[in-house]
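**Q** Here's a sequence, model it:
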Amino acid sequence: MNQIQIQANRLIDGSTPMNSSQILEKLIELGIDCTTIDHPPMFSVSDSKSLRATPEGQGDLKNLFLKNKKGQMWLVSCHEDQIVDLKELARRLSAGRFSFGSEQRLMEYLGVHPGSVSPLALINDSGCAVKFIIDSNLVNTKNLYVHPLINTRTTTIRSKDLLMFASHIDHPAQVLNFD
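**A** Numbers count the residues shown, from 1 in each chain. Take a look at the predicted model:
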C-alpha cells in the first residue's frame, strides 16, 4: 500500500477535508446561487469534452496544481483550451521554476484527488499555503463550471461568486491575462 493510500483523505494538519455535500452547503450558506449535476467520472479535459455536461465549453476550467523549488504552491485556473507556458507563467509570478504538485501534496493541501481539482478545493487549505491564480478571460465569463471536490459532479457558479468565495476563505484570486 502506498503512502497516499495510508494517508488517504487527510490534510496536512491531520484533519479530514470537506466533502462535496459540505462545500455545496457552504456555498448556500454564503448566499451563492449554484446548480450541480451528477455525471460519470472526469479525470481530464478530454474526458470533460467527451462527456460534455456543460453548454459549449464556455466556462469549463482547466486547473493546474503547481509548486516551485521552495515548496510554494499555486492553483491556476484557466479555460480548458488555454495553453499554459509554465516557464512564462513562473516568470510572470516571480516564482522560479514550476512543476506539478504530487498527488500526496494535492491531498494534503486541497483535500482532493487528481481529476477533482477545483478552486472550491481551496476551502481545505486552512493555512493559506496555496496561491490562487485565475485567467482574466474566466473572470469575464458569466458562468463557470467546477467540480465540487469530486469529479463525478459539476457545479455551475457565477464567476463573480467564485471570486467572492475565494476572498471569503482568504484565498483572493490574482487575476492574470493568459493571452
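**Q** just the strands in this protein please.
**A** 34-38, 61-68, 73-79, 98-100, 130-135, 143-146, 153-158, 174-176 (DSSP state E).
**Q** Give the pairing partners of the fifth one; include direction for each.
**A** Looking back up the chat, that one is strand 130-135. strand 73-79 (parallel), strand 174-176 (parallel) (DSSP bridges).
**Q** Residue 91 is nearest to which of the strands of the chain?
**A** Proximity to residue 91 (C-beta to C-beta) singles out strand 98-100 among the strands of the chain, at 9.8 Å. Yep, even glycine has a C-beta here, placed from its N, CA and C like the rest.
**Q** Of all the residues in the closest one, which ones are buried?
**A** By neighbour count on 16 or more other C-beta atoms under 10 Å, the buried set for strand 98-100 is residue 98.
**Q** What average pLDDT does it get?
**A** For strand 98-100, the mean pLDDT works out to 97.
**Q** for it, packing partners?
**A** Packing partners of strand 98-100 (3 or more C-beta pairs under 8 Å, 6 or more residues apart in numbering; DSSP states H and E): strand 61-68, helix 86-92.
**Q** Can you give the strand pairings for the longest one, parallel or anti for each?
**A** Spelled out, that is strand 61-68. Strand 61-68 has these strand partners (DSSP bridges): strand 73-79 (antiparallel), strand 98-100 (antiparallel).
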